[in-house]
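> Next comes the sequence, and after it the predicted model I'd like to discuss.
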Amino acid sequence: MGADFQGWVAANQARFEEVLRGLLPKADIAPQRLHEAMRYAVLDGGKRVRPLLAFAAGELAGAEQARVDVAAAAVELIHAYSLVHDDMPCMDDDVLRRGKPTCHVQYDEATALLVGDALQTLAFQLLAEHRLNGHARFPHTRDTLLAKPADCGSGCEAAIPAPDAPQRRVMASHPNPLPQAGEGENESLREFLANDDAARQLEMVRLLALASGSRGMAGGQAIDLASVGKALTLPELEFMHIHKTGALIRAAILLGAHCGSASAEQLDRLDRFGKLIGLAFQVVDDVLDCEADTATLGKTAGKDADNDKPTYVSLLGIQGARDMAQRLHREALETLAGFGMAAQRLRELADFIVLRKF
Ligand code: GRG
């Protein structure tokens, strides 16, 4: 990983921190304690791997940064909520997260529960209220859809997509590819473009909901809770982690790409990349849980063994798990072959995910 990549990561992390600061409700807005706790759970910590993947996929698809920022924030809020709930006594019962006391320790259990609930709904609010396509030729849609909610109190002004952004090509996955902007200037085209944009936005909402719910992360968590003390087979473990950890990572990549312009075939390849690298992320997480210390991880190390949880390490041993991560990494990189240099950031992030020490 070169200095250029490290610079890209640092610049994006810093910019994104400000985006999140702007999108989260201010701590002095009622109910203050809940808003303060939401900011505590989200800000000042975390590697922001999912947003970085969204940024890299957005770059590949030629998306505008401001659009990807909103999509990445939605994914990160879901991730932050899942960590808050996962740390609660009824789940993993942990006291340390991102180097700080967990949310329920710092505040209280009821507040932590509400923090998770509110972060989750804020994620979908953001996806719903920020326009993807702000082409200036369609002021009626811009005015209604770009408008900042009068009193949402969420500071949502921070990352509204630029109103004069050029018209994006519609997604090639749309069943009826449209003519390019300027080819026809009639009312039905206007409507069609506006509707298509809204359809794409709806698709992003659907993708994030699917990745977060019982067929995604929450479902994976349910399997995880039910598997304590049990000996899972490798396919069962894989099924659990593709849902618990992988689904949101996949969604981050797809949402980033949806902010720009990617063909159905490109989206499929990105989805496959996301599936492989999402699983690799979890395999590495299992290795780190055994090998790294609490201070480095910013969360309690050795929890999986303490809780008698099946992991890639318990199934394959440390070396077997490392080998598996390498194999998934290699396969993930293969899926990017056709993208050339446009996928360079995704490749570098894949390297980071597999080589990381925390
Ligand atoms: C409560 C619905 C619900 C789901 C919880 C994500 C999750 C499911 C549990 C977290 C527990 C855990 C250790 C999962 C393994 C992988 C993982 C998601 C680790 C945390 O993600 P990182 O390393 O965290 O990206 P940071 O803090 O860097 O954002």
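It's in. Numbering: from 1, shown residues only.
> ok, residues contacting stretch 347-358?
The contact list for stretch 347-358, computed with C-beta atoms under 8 Å, 6 or more residues apart in numbering, reads 1-2, 5, 8-9, 47, 49, 52-53, 56, 273, 277, 280-281, 284, 288, 292, 296-298, 325-326, 328-329, 332-333, 336. Glycine gets a C-beta too; all of them are placed from N, C-alpha and C.
> Going through those, which ones are buried?
5, 8-9, 49, 52-53, 56, 273, 277, 280-281, 284, 288, 292, 297-298, 325, 328-329, 332-333, 336 (16 or more other C-beta atoms under 10 Å).
> ok, which of the residues you listed also contact the ligand?
Val49 (C-beta under 6 Å from any ligand atom).
> Keep only those of the buried ones among the contacts of stretch 347-358 that are in strands.
Assignment to strands by DSSP state E places none of those there.
> Give me the subset of the buried ones among the contacts of stretch 347-358 that lies in helices.
5, 8-9, 49, 52-53, 56, 273, 277, 280-281, 284, 288, 297, 325, 328-329, 332-333 (DSSP state H).
> what's stretch 295-309 in contact with?
If you take C-beta under 8 Å, 6+ apart as the criterion, stretch 295-309 is touched by 45, 92, 94-100, 224, 227-229, 286, 288-290, 292-294, 311, 313-314, 357-358.
> Check which residues of it are buried.
Within stretch 295-309, the residues that count as buried by 16+ other C-beta under 10 Å are Leu297, Gly298, Lys299, Thr300, Ala301, Asp304, Lys309.
> about what we covered before: buried subset of the contacts of stretch 295-309?
45, 92, 94, 96-98, 100, 224, 227, 286, 288-290, 292, 311, 313-314.
> dump the residue contacts of the residue nearest to Ala63 when sequence neighbours are not counted.
The shortest distance from Ala63 to any non-neighbouring residue, by C-beta to C-beta, 6 or more residues apart in numbering, is to Gly260 (3.0 Å). Counting by C-beta under 8 Å, 6+ apart, Gly260 touches Gly58, Leu60, Ala61, Gly62, Ala63, Glu64, Arg67, Val68, Arg168.
> Shouldn't Gly260 be within a strand?
No. Using DSSP: H, G, I helix; E, B strand; the rest coil, the assignment for Gly260 is coil, not a strand.
> Could you pull out the strands in the protein for me?
96-97, 100-101.
> Just the mean pLDDT for the last one, thanks.
Per-residue pLDDT values over strand 100-101 give a mean of 97.
> May I have the strands that pair with it, each with its orientation?
Pairing partners of strand 100-101, with direction, according to DSSP bridges: strand 96-97 (antiparallel).
> Any part of the partner strand near the ligand?
No. For strand 96-97, no contact with the ligand is found by C-beta under 6 Å from any ligand atom; the gap never falls below 6.9 Å.
> and Gly302, what are its phi and psi?
phi 70, psi 10 (degrees, to the nearest 10).
> mind checking how far it is from Asp94?
In this view, Gly302 and Asp94 are 12 Å apart by C-beta to C-beta, to the nearest Å.
> got it, and Ala11?
Ala11 sits 31 Å away from Asp94, going by C-beta to C-beta.
> Equivalent analysis for Ala72, please.
25 Å.
> Repeat that for Thr335.
From Thr335 over to Asp94 the distance is 34 Å, taken as C-beta to C-beta.
> returning to that earlier point: closest one to Leu114 out of the buried residues of stretch 295-309, please.
Each of the buried residues of stretch 295-309 was checked against Leu114 using C-beta to C-beta; the closest is Lys299, at 22.0 Å.
> so where's the protein uncertain?
Residues of the chain that meet the criterion pLDDT under 70 lie in 133-196.
> Could you tell me which residues of it lie near the ligand?
So far as C-beta under 6 Å from any ligand atom goes, the chain lies against the ligand at 46-47, 49, 79, 82-83, 85-86, 98, 217-218, 221, 244-245, 282, 285.
> Asp87 contacts Pro101, doesn't it?
No. The pair Asp87 / Pro101 is not scored as a contact, 9.7 Å apart, by C-beta atoms under 8 Å.
> Compare the two (neighbour count), which wins?
Ranked by neighbour count (other C-beta atoms under 10 Å), Asp87 and Pro101 place Asp87 first, with 24 against 15.
> Near Pro31, how many other residues are there?
Neighbours around Pro31, by other C-beta under 10 Å: 12.
> how close does it sit to Tyr107?
The value you get for Pro31 to Tyr107, if C-beta to C-beta is used, is 12 Å.
> what's the answer for Gly274, then?
Counting by C-beta to C-beta, the gap from Gly274 to Tyr107 is 33 Å.
> then stretch 58-71 to CSV, C-alphas only?
Below are the C-alpha coordinates for stretch 58-71, written out as CSV (Å, rounded to 0.1, in the frame of the first residue of the first chain):
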residue,chain,number,x,y,z
GLY,A,58,-18.3,5.6,-6.7
GLU,A,59,-15.0,6.7,-8.2
LEU,A,60,-15.1,3.7,-10.5
ALA,A,61,-18.6,4.6,-11.6
GLY,A,62,-17.8,8.3,-12.1
ALA,A,63,-20.1,9.4,-9.3
GLU,A,64,-20.1,12.8,-7.7
GLN,A,65,-18.5,12.8,-4.3
ALA,A,66,-21.4,14.6,-2.5
ARG,A,67,-23.8,11.9,-3.6
VAL,A,68,-21.6,9.0,-2.5
ASP,A,69,-21.1,10.8,0.8
VAL,A,70,-24.8,10.5,1.6
ALA,A,71,-24.9,6.8,0.6
